[in-house]
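Q: show me the folded form of this:
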Amino acid sequence: MVMKRARAKTLSAGVVVVRFRDRRPHYLLLRAYRHWDFPKGIVEPGEQPLQAAIREVAEETGIRDLRFRWGDIHRDTPPYGKGKVARYYVAESPANAVHLPINPELGRPEHQEFRWLPYERARSLLVPRLQEILDWAHGVVTGAESH
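A: Numbers count the residues shown, from 1 in each chain. Purely as a prediction, here's the structure:
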């Protein structure tokens with residue numbers, strides 16, 4: 001009997017960042033080339049996923065005032081690419097200001113653009129695996145899903 005070796009998954013962690021405008025949730029999306037996503041990055045050895053998510057948001061957007069109003073609930077994507085899985089948390093930021101700092105390893109920002117968008121518009125820019133994450137987060141934020 002031949003046993004298949006389980007492929008080690010690469011875990012990244014990020015945050016679906018929401019802020020409210022006129023009591024409507026708006027979600028922060030970042031664009032790298034033609035791909036829109038939430039702020040996220042690789043969980044470093046010895047780092048907890050939530051710590052990594054908070055670090056990545058700060059590194060990629062400058063946002064440091066995340067409020068985890070809904071606790072540390074999270075949702076993982078199905079594996080994609082070469083076994084990568086992304087774990088997303090939900091947090092509120094009262095700040096509107098976002099800046100895309102230069103990544104020292106790349107010598108340029110990791111992302112070319114950011115947008116705060118209402119649910120429907122944000123969903124239209126995301127691939128299906130991220131639409132599922134947004135759907136879940138929107139349910140949490142609006143109270144339509146119990147956590």
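Q: quick check, Tyr89 in contact with Arg69.
A: No: checked against C-beta atoms under 8 Å, the pair Tyr89 and Arg69 is beyond contact range at 11.1 Å. No exception for glycine: its C-beta is placed from N, CA and C like everyone else's.
Q: which residue of those two possesses the greater neighbour count?
A: Neighbours per residue (other C-beta atoms under 10 Å) separate Tyr89 from Arg69, with Tyr89 holding more: 25 against 11.
Q: is that one bridged to anything, and to what?
A: In this structure, Tyr89 has beta-bridge partners Val15, His74, where bridges are defined by DSSP bridges.
Q: distance of it relative to Val15?
A: In this structure, Tyr89 and Val15 are separated by 5 Å, where distance is defined by C-beta to C-beta, to the nearest Å.
Q: mutual contacts of those two, please.
A: Listed as contacting both Tyr89 and Val15 by C-beta atoms under 8 Å, 6 or more residues apart in numbering are Ala53.
Q: so what's Tyr88 up against?
A: Applying C-beta under 8 Å, 6+ apart, we find Tyr88 in contact with 13-16, 38, 40, 53, 74-77, 133, 137.
Q: make CSV out of the residues you listed and add distance to Pro118, pLDDT and neighbour count.
A: CSV is the format used below for these (distance: C-beta to C-beta, whole Å; pLDDT from 0 to 100; neighbours: other C-beta atoms under 10 Å):
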residue, distance to Pro118, pLDDT, neighbour count
Ala13, 25, 97, 27
Gly14, 20, 97, 24
Val15, 18, 98, 27
Val16, 14, 98, 27
Phe38, 15, 98, 26
Lys40, 21, 96, 22
Ala53, 23, 98, 30
His74, 23, 97, 20
Arg75, 20, 97, 17
Asp76, 25, 96, 14
Thr77, 22, 95, 18
Ile133, 16, 98, 22
Ala137, 13, 98, 28
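Q: no further queries at this time; thank you.
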